[in-house]
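> With the sequence up front, the predicted model follows.
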Amino acid sequence: MTSNQSDRITINTADGTIELVFGEATPEQKAECFKQAGRTFVRGIPEDLWTNAEEQLDLLPLLQGKGCLHWCLYKAGTPKEIVSSLRAIRRELLIRDAQGVRPETSYDICFVATDEKYRGHGLASFLMRKVAEWFDGPGAVPLTTLYTAVGQFYVPFGWDLLPAPQVSFDLPPDVSRGILQRKREESPSLPTRVVGPHDVADLCSRDIAQLRPQVEAYDLAPDTSLVSTLPIPEQFEWYRGLAKLQSDSWCGGREIANVGAICDAADTWMLWHHDLRKKEFKISRVKPNYGDHEQTKQALVQLLLCAMEEAISWEATFEKVVIWDPNPEVIGALEILGRDMGFTPKSEMRVGTNHTSLRWAKDEKRQTVFWPNEYYAYN
Ligand SMILES: CC(C)(COP(=O)(O)OP(=O)(O)OC[C@H]1O[C@@H](n2cnc3c(N)ncnc32)[C@H](O)[C@@H]1OP(=O)(O)O)[C@@H](O)C(=O)NCCC(=O)NCCS
């Protein structure tokens, strides 16, 4: 392992002066980074369970090759003593700017953590600056994203906060499968069916094929760039892997068999994620019929009934349904459904949690529209 002086930071603590080294994690350090992420973000789960889950997720296609990069600050002389770490996970994007529309690979930064004992010494700041330097240099990516839980913390390093809307509703306590099925039967012209893991690749390629012309046609203000995260199958597979691991821990290993629902007649579908840890049923992607807003809205009513049916089939696990970056058809469908079923959808901005942030390479400041940026775009 080599380093130069600019890769090092010295801090003064109650225990004395400590020198820390920045670097991309070695395989041994990666195992320590997993432990640090577990300690920081998932209290209440035994360390070996979390580390084992991390190792399994690490095998999924999204993270293969250069799909996941780990960086850390470790104590000079004892490389296994990780003090601060983060990881960056591959994203496939479509970018539209003055140069036209083009696919790009970028990264989403997540699991930024400093051990409690060493917080407030500028370590995470140092790490973010070093990582930004790498992305601007050897990494050569056009931009990076992250979803911040610590407000403005990342702004000085170039990550600007973007609007992060979401809509959610509590699952009505008295709703039953029978009620939901009867409601669906009231609209026989828009039949739906649930989709399984084997349908995802085909749905994603259809989704991406339809998305590109929408990106090209998007009514973009002058001097504004459009960034779209592509709904690639690997992204959904990662989420299913995560849900399965959570199911192994808390739901007796129940398979994640239903991953979404489709209304073929309306060419509209949604994919979802069983967020068993947060007890939230996340709609991870809504693919509308771009040519027919009214039909999309009516189809979404039916598809949301399917989502509710799946959510309640996990007994009392899920408390609410959450949709990021909702389009007007989603809002319209939820208004119809809420009136009908007696719930009030809650629209809000994600501030203080998962607040979307984006940094263009070399800290270039651009007006940016980030669309679509639904739950699938996050890790
Ligand atoms: C956020 C975190 C990584 C900062 O690490 P650190 O090494 O202490 O960071 P630095 O010393 O470089 O900077 C500390 C700054 O972070 C700010 N900060 C820390 N936690 C914060 C929070 N929850 N909300 C807002 N700001 C926060 C501090 O106010 C401080 O700001 P200041 O320099 O203006 O006083 C660390 O507190 C941590 O691991 N927190 C738990 C995990 C987490 O929330 N990670 C971020 C996920 S997006």
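In hand now; what should we look at?
> Look up how far the ligand lies from the nearest residue to S189 once chain neighbours are set aside.
Leaving aside its chain neighbours, S189 sits nearest to A265 (6.9 Å; criterion: C-beta to C-beta, 6 or more residues apart in numbering). The way it works is simple: take the backbone N, C-alpha and C, and place the C-beta from them, glycine included. The gap separating A265 from the ligand is 42 Å, by C-beta to the nearest ligand atom, to the nearest Å.
> same question, G291
Taking C-beta to the nearest ligand atom, one finds G291 at 38 Å from the ligand.
> Quick check: end-to-end length of stretch 219-234?
End-to-end span of stretch 219-234 (C-alpha to C-alpha, to the nearest Å): 29 Å.
> Name the spans of this protein whose pLDDT lies under the cut-off.
Applying pLDDT under 70 to the chain flags the ranges 1-3.
> In it, which strand is the longest?
Once the chain is assigned using DSSP state E, the strand that runs over the most residues is strand 78-97.
> Mind checking what helix or strand follows that one in sequence?
strand 100-114 (DSSP states H and E).
> tell me the contacts of P213?
Contact criterion C-beta atoms under 8 Å, 6 or more residues apart in numbering gives no residues in contact with P213.
> What is the three-state secondary structure of it?
Classification of P213 by DSSP: H, G, I helix; E, B strand; the rest coil places it in helix.
> Could you do Q295 as well?
Quick answer, by three-state DSSP: Q295 is helix.
> Pull up the gap between it and Q302, please.
Distance, Q295 to Q302, using C-beta to C-beta, to the nearest Å: 11 Å.
> Which one's more surrounded, those two?
Using other C-beta atoms under 10 Å as the criterion, Q295 and Q302 rank with Q302 on top: 24 against 19.
> residues contacting the more buried one?
Neighbour list for Q302: R184, S187, L190, P191, T192, C263 [criterion: C-beta under 8 Å, 6+ apart].
> what about 10 Å?
Contacts for Q302 (C-beta atoms under 10 Å, 6 or more residues apart in numbering) come out as 183-184, 186-187, 189-192, 261, 263, 265-266, 268, 333, 337.
> and what of T13?
K117, Y118, H121.
> Run through the bridge partners of it.
Note on T13: beta-bridge partners by DSSP bridges are G16.
> out of the contacts of T13, who's nearest the ligand?
Taking C-beta to the nearest ligand atom as the measure, the ligand lies nearest H121 of those, at 5.3 Å.
> element containing the closest one?
In this assignment (DSSP H and E), H121 forms part of neither any helix nor any strand.
> what helix or strand is the closest residue to it other than its chain neighbours on?
Residue nearest to H121 in three dimensions, not counting chain neighbours: I11, with 4.2 Å by C-beta to C-beta, 6+ apart. Assigned by DSSP H and E, I11 belongs to strand 8-13.
> in that strand, what counts as buried?
The neighbour-count check on strand 8-13 (16 or more other C-beta atoms under 10 Å) flags I9, I11 as buried.
> Can I get it as PDB, trimmed to CA atoms?
Coordinates of the C-alpha atoms in strand 8-13 are reproduced here as PDB (Å, rounded to 0.1, in the frame of the first residue of the first chain):
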ATOM      1  CA  ARG A   8      -2.600  11.800   5.100                       C
ATOM      2  CA  ILE A   9      -4.300  13.800   7.900                       C
ATOM      3  CA  THR A  10      -3.200  14.200  11.400                       C
ATOM      4  CA  ILE A  11      -5.600  14.800  14.300                       C
ATOM      5  CA  ASN A  12      -5.200  15.600  17.900                       C
ATOM      6  CA  THR A  13      -7.400  13.600  20.200                       C
END
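> Just give me how far that strand sits from the chain centre.
How far strand 8-13 lies from its chain's middle: 33 Å, per C-alpha atoms, centre = their mean, to the nearest Å.
> need the residues of the stretch 151-300 of the chain near the ligand, please.
Residues of the stretch 151-300 of the chain found near the ligand (C-beta under 6 Å from any ligand atom) are G151, F153.
> Is W324 in contact with P163, as I believe?
No - W324 lies out of contact with P163 (C-beta atoms under 10 Å); the separation is 11.2 Å.
> More neighbours: those two, which one.
W324 (25 against 12).
> can you pull up the bridge partners for that one?
Going by DSSP bridges, W324 forms beta bridges with Q166.
> OK, contacts around it?
W324 neighbours (C-beta under 10 Å, 6+ apart): 147, 164-168, 282-286, 350, 354, 356, 372-378.
> what's the answer for L161, then?
With contact taken as C-beta under 10 Å, 6+ apart, L161 is in contact with T148, G151, Q152, Y154, V155, V351, H355, T356, S357, L358.
> Kindly report the same for M270.
192, 195, 203, 259-263, 283-288, 299-300, 303-304, 306-307, 323, 330, 374.
> Swap in 8 Å and give it another go.
Contacts for M270 (C-beta under 8 Å, 6+ apart) come out as G260, A261, I283, R285, V286, K287, L300, L303, L304, A307.
> likewise F318?
By C-beta under 8 Å, 6+ apart, the neighbours of F318 are L171, H274, K279, E280, F281, A311, I312.
> can you count the residues close to the residue nearest to S189?
The burial count for A265: 14, using other C-beta under 10 Å.
> how close does it sit to T192?
Per C-beta to C-beta, A265 is found 9 Å from T192.
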